[in-house]
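S.K.: Model the following, please.
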Amino acid sequence: MKIAIVGTGYVGLVTGTCFAEIGVNVTCVDTNVEKIESLKNGIIPIYENGLEELVLRNSKAGRLNFTTSLESVLDDVEVVFSAVGTPPDEDGSADLKYVLEVARTIGRNMKKYVLVVTKSTVPVGTACKVKDAIKEELNKRGEDIEFDVASNPEFLKEGNAISDFMSPDRVVVGVESERAEKLMSKLYKPFLLNNFRVIFMDIPSAEMTKYAANSMLATRISFMNDIANLCELVGADVNMVRNGIGSDTRIGRKFLYPGIGYGGSCFPKDVKALVKTAEQNGYSMRVLKAVEEVNDLQKSILFRKLEKHFQGNLKGKTITLWGLAFKPETDDMREAPSLVIIDLLLKAGCNIRVYDPVAMKESQGKIGDAVYYANDMYDAVLDADALMLITEWKEFRLPSWAVIKKAMNKHVIFDGRNIYEKKEIEEQGFDYYCIGK
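M.R.: Numbering: from 1, shown residues only. Purely as a prediction, here's the structure:
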């Protein structure tokens with residue numbers, strides 16, 4: 001089976017590579033010449049655990065290819081996945097210009113049946129726009145070539161994307177024809193031989209499912225952060241509360257961890273887009289608006305704790321950040337809490353030392369040399385007045401507190417992910433602040 005994946009960003013590259021791994025002949029397409037040449041030479045533009053090995057193996061086997069020309073592969077493929085970016089507009093709505101340009105390119109060049117599958121996260125109704133764009137181009141050519149559209153939203157967790165794709169808990173597919181359903185069933189069957197968990201539905205429902213899923217997870221995070229903030233005021237321990245409510249099978253334990261807010265490429269963008277979709281249809285998503293508000297405030301909570309500890313006197317203080325990425329096992333810094341915290345620290349006149357196992361290069365591209373990029377976690381705390389744990393990388397879990405105490409100027413820890421035990425840290429001679437205790 002031959003398919004094309006348009007877009008070699010996070011979703012497109014993971015999708016194409018995983019399909020190639022199970023024997024599909026995949027061509028990944030991108031208009032970025034430099035990126036395609038890098039991929040041809042085995043240089044991976046993103047960090048994702050296990051991805052580089054799979055790309056190299058499948059490229060060598062000839063199952064994974066890269067090109068800048070969608071036109072050159074259209075005659076050979078049965079399915080085209082559109083995995084291009086849908087960045088938010090200023091008003092929060094998803095920008096569909098890249099999605100529609102892919103559709104127009106297909107309409108201008110297709111010579112036989114093709115199934116066009118939207119993999120990008122797009123608002124409800126996008127499939128209709130894609131279909132109209134293809135038809136418009138076919139009409140210009142005076143052609144009447146059969147095609148189908150489908151929606152196949154991704155549910156990949158950054159840092160665990162390969163495992164998620166290869167062993168999915170479910171695959172959501174929106175179709176409107178039997179032919180499209182059979183093609184998608186054939187494509188996904190190798191991943192789900194033991195338990196065929198493809199959920200077929202109409203296209204608008206599939207488009208909505210992606211936004212609803214991410215918005216629900218974002219809601220759980222903001223809810224727990226709200227509860228954590230109240231716990232601090234009333235003397236409760238949010239970890240005990242989390243265990244108490246998570247034991248209820250109706251609630252469960254996932255995404256109930258308090259912290260410094262969600263970030264990344266999905267939750268912030270998707271919540272905003274769903275709020276905007278509702279507004280365009282005359283409805284207000286009041287819960288999701290509150291979710292956004294809580295999250296925006298939560299990203300500055302460690303700074304507010306720091307400011308209170310030093311009684312507002314932060315000018316000239318040296319502050320260390322452990323972690324820059326929005327979560328472990330990725331270099332993604334889109335909407336990362338670290339960016340908010342760094343901005344607040346700089347405005348307060350602080351000197352900032354940072355360390356992240358993989359996101360330092362990404363950080364330099366976003367904030368330049370406004371901070372000192374340390375060689376390791378211990379170099380980062382040298383002469384620091386405070387240490388902030390931002391991203392819960394595994395290597396931060398069991399540091400040598402004795403070495404850190406000697407290296408630091410003042411001894412105070414702000415744990416934004418609640419990975420340390422208060423009693424243990426205080427016994428080491430540090431002041432300790434966390435979330436929700």
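S.K.: Going along the chain, name the strands of the stretch 251-400 of the chain.
M.R.: With strands called from DSSP state E, counting those that start in this stretch, the stretch 251-400 of the chain shows them at 318-322, 351-355, 372-373, 386-389.
S.K.: how's the protein carved up into domains?
M.R.: As recorded under automatic domain parsing, the domains making up the chain are 2-201, 210-297, 299-433.
S.K.: Give me the distance from the shortest one to the chain's centre.
M.R.: Yep, that's domain 210-297 we're talking about. Chain-centre distance of domain 210-297: 16 Å, with CA atoms, centre = their mean, to the nearest Å.
S.K.: now do the same end-to-end measure for that domain.
M.R.: The first residue of domain 210-297 is 25 Å away from its last residue (CA to CA, to the nearest Å).
S.K.: Go through the helix or strand harbouring residue 53 and flag the buried ones.
M.R.: Residue 53 belongs to helix 51-60 when assigned by DSSP states H and E. Going by neighbour count (16 or more other CB atoms under 10 Å), the buried part of helix 51-60 is 51, 54-55, 58-59. No exception for glycine: its C-beta is placed from N, CA and C like everyone else's.
S.K.: With stretch 283-294 instead?
M.R.: Of all the residues in stretch 283-294, those buried under the rule 16+ other CB under 10 Å are 285, 288, 291-292, 294.
S.K.: do the same with stretch 429-437
M.R.: Across stretch 429-437, burial judged by 16+ other CB under 10 Å covers 430, 432-437.
S.K.: Check stretch 306-317 too.
M.R.: Buried, per 16+ other CB under 10 Å, within stretch 306-317: 306-307, 309-310, 314, 317.
S.K.: now stretch 314-331
M.R.: 314, 317-331.
S.K.: Among those, which one lies nearest to residue 216?
M.R.: Nearest to residue 216, judged by CB to CB, of the buried residues of stretch 314-331 is residue 327 at 17.7 Å.
S.K.: what residue ranges in the stretch 1-150 of the chain score low on pLDDT?
M.R.: Within the stretch 1-150 of the chain, no stretch has pLDDT under 70.
S.K.: Could I get the full set of strands for it?
M.R.: Using DSSP E, counting those that start in this stretch, strands in the stretch 1-150 of the chain cover 2-6, 25-29, 64-67, 79-82, 115-118, 148-151.
S.K.: need those in CSV with distance to residue 424 and mean neighbour count, can you?
M.R.: CSV is the format used below for the strands of the stretch 1-150 of the chain (distance: least, CB to CB, whole Å; neighbours: other CB atoms under 10 Å):
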stretch, distance to residue 424, mean neighbour count
strand 2-6, 48, 24
strand 25-29, 48, 24
strand 64-67, 47, 20
strand 79-82, 49, 27
strand 115-118, 49, 26
strand 148-151, 49, 24
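S.K.: Distance to residue 413 for those - can I get that in TSV?
M.R.: As requested, the strands of the stretch 1-150 of the chain are exported to TSV (distance: least, CB to CB, whole Å):
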stretch	distance to residue 413
strand 2-6	44
strand 25-29	44
strand 64-67	45
strand 79-82	45
strand 115-118	45
strand 148-151	46
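S.K.: circling back to that earlier point, send the alpha carbons of the helix holding residue 53 over as PDB?
M.R.: Taking Å, rounded to 0.1, in the frame of the first residue of the first chain, the C-alpha atoms of helix 51-60 are listed here in PDB:
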ATOM      1  CA  LEU A  51      12.000   8.400  16.300                       C
ATOM      2  CA  GLU A  52      15.400   8.900  14.800                       C
ATOM      3  CA  GLU A  53      16.100   5.100  14.900                       C
ATOM      4  CA  LEU A  54      12.900   4.400  13.100                       C
ATOM      5  CA  VAL A  55      13.400   7.100  10.400                       C
ATOM      6  CA  LEU A  56      16.900   5.800   9.600                       C
ATOM      7  CA  ARG A  57      15.800   2.200   9.500                       C
ATOM      8  CA  ASN A  58      12.800   2.700   7.200                       C
ATOM      9  CA  SER A  59      14.600   5.200   5.000                       C
ATOM     10  CA  LYS A  60      17.400   2.600   4.500                       C
END
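S.K.: Low-confidence bits of the stretch 151-300 of the chain, can you list those?
M.R.: 193-194, 196.
S.K.: do that again at 80, thanks
M.R.: Within the stretch 151-300 of the chain, the stretches with pLDDT under 80 are 192-196.
S.K.: list the contacts for the nearest residue to residue 55 once chain neighbours are set aside?
M.R.: Residue nearest to residue 55 in three dimensions, not counting chain neighbours: residue 17, with 5.3 Å by CB to CB, 6 or more residues apart in numbering. Contact analysis of residue 17 by CB atoms under 8 Å, 6 or more residues apart in numbering lists 26, 51, 54-55, 58, 64, 162.
S.K.: Could you do residue 301 as well?
M.R.: 229, 260-261, 416, 435.
S.K.: just curious, which of the residues you listed is nearest to residue 37?
M.R.: Scanning these for proximity to residue 37, where the rule is CB to CB, the winner is residue 261, at 37.2 Å.
S.K.: Tally up the residues packed near the closest one, please.
M.R.: Residues near residue 261, counting by other CB atoms under 10 Å, number 26.
S.K.: could you measure it against residue 295, distance?
M.R.: Counting by CB to CB, to the nearest Å, the gap between residue 261 and residue 295 amounts to 5 Å.
S.K.: same deal with residue 309?
M.R.: On the measure of CB to CB, residue 309 and residue 295 end up 23 Å apart.
S.K.: related to what we said a few turns ago, need the strands of the stretch 251-400 of the chain in a markdown table with mean pLDDT and distance to residue 177, can you?
M.R.: Putting the strands of the stretch 251-400 of the chain into a markdown table (pLDDT from 0 to 100; distance: least, CB to CB, whole Å) gives the following:
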| stretch | mean pLDDT | distance to residue 177 |
| --- | --- | --- |
| strand 318-322 | 98 | 52 |
| strand 351-355 | 98 | 52 |
| strand 372-373 | 98 | 53 |
| strand 386-389 | 98 | 51 |
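S.K.: Tell me where the stretch 101-250 of the chain has helices.
M.R.: Taking DSSP state H, counting those that start in this stretch as the test, the helices found in the stretch 101-250 of the chain are 126-141, 161-166, 178-188, 203-234, 238-246.
S.K.: Would you format those as TSV with distance to residue 338 and mean neighbour count included?
M.R.: Shown next, in TSV, are those (distance: least, CB to CB, whole Å; neighbours: other CB under 10 Å):
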stretch	distance to residue 338	mean neighbour count
helix 126-141	32	18
helix 161-166	21	18
helix 178-188	36	17
helix 203-234	17	19
helix 238-246	22	16
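S.K.: Pull the contacting residues for residue 174.
M.R.: 127, 150-152, 200-207.
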